[in-house]
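Trainee: need a structure here:
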Amino acid sequence: MTGKKSPREESLSENDGEACRVHCVHPERVRRAHDEAGSASVAEELAPMFKALGDPTRLRLLLALRGGEMCVCDLAAFLGSSESSVSHHLRHLRQLALVRRRREGQMLFYSLDDDHVEAILKIGLDHRAHSEGRSKR
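Mentor: Sure, this is the predicted structure:
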């Protein structure tokens, strides 16, 4: 790439803000948005999961579990945190079906709940790598 901006990019500047300059509703796009987003209850059900993913400690726990199951002691050592604190975070993640646990004697092992959780994390990491590439242009 030459670094040259397209006409569309040139027409947008950082000072344009985030709103349209004129009011013009596109009914077909609004209808499509309703179809894609579903009811408000869908967003209310998803929000706690994304809120948990927005917590850096909980996100680090999930990212660590991408490599396989770990016990609470190992996760606490990984974070440099107390086992009590890690257990609290894991309980929350388990309630959201992001992790599952397995008991072996007196040890509790945690892993990602399923492939969907792994996919969410991978997409986030891929997006981060993609965004970093864009910001270097």
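Trainee: any idea how far G80 lies from V86?
Mentor: 10 Å (Cβ to Cβ, to the nearest Å). From N, CA and C alone the C-beta is placed, and that goes for glycine too.
Trainee: Those two: who's more crowded?
Mentor: V86 (23 against 6; other Cβ atoms under 10 Å).
Trainee: Work out for me the element R58 sits within.
Mentor: Assigned by DSSP states H and E, R58 belongs to helix 56-65.
Trainee: same question but for S131, I mixed them up
Mentor: Per DSSP H and E: helix 115-135 holds S131.
Trainee: what separates the host helix or strand of E45 from the chain centre, distance-wise?
Mentor: Element membership for E45, per DSSP H and E: helix 40-53. Offset of helix 40-53 from its chain centre (Cα atoms, centre = their mean, to the nearest Å): 11 Å.
Trainee: One more: stretch 86-99?
Mentor: Taking mean C-alpha positions (Cα atoms, centre = their mean), stretch 86-99 and its chain are 15 Å apart.
Trainee: Could you pull out the buried residues of it?
Mentor: 86, 89-90, 92-93, 96, 98-99 (16 or more other Cβ atoms under 10 Å).
Trainee: what's the answer for stretch 53-62, then?
Mentor: 53, 58, 61-62.
Trainee: picking up where we left off before, which ones among the buried residues of stretch 86-99 map onto helices?
Mentor: In this view, the buried residues of stretch 86-99 that belong to helices under DSSP state H are 86, 89-90, 92-93.
Trainee: a markdown table for those residues, including pLDDT and distance to G133?
Mentor: Output for those, formatted as a markdown table (pLDDT from 0 to 100; distance: Cβ to Cβ, whole Å):
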| residue | pLDDT | distance to G133 |
| --- | --- | --- |
| V86 | 98 | 34 |
| H89 | 98 | 31 |
| L90 | 98 | 33 |
| H92 | 97 | 33 |
| L93 | 98 | 30 |
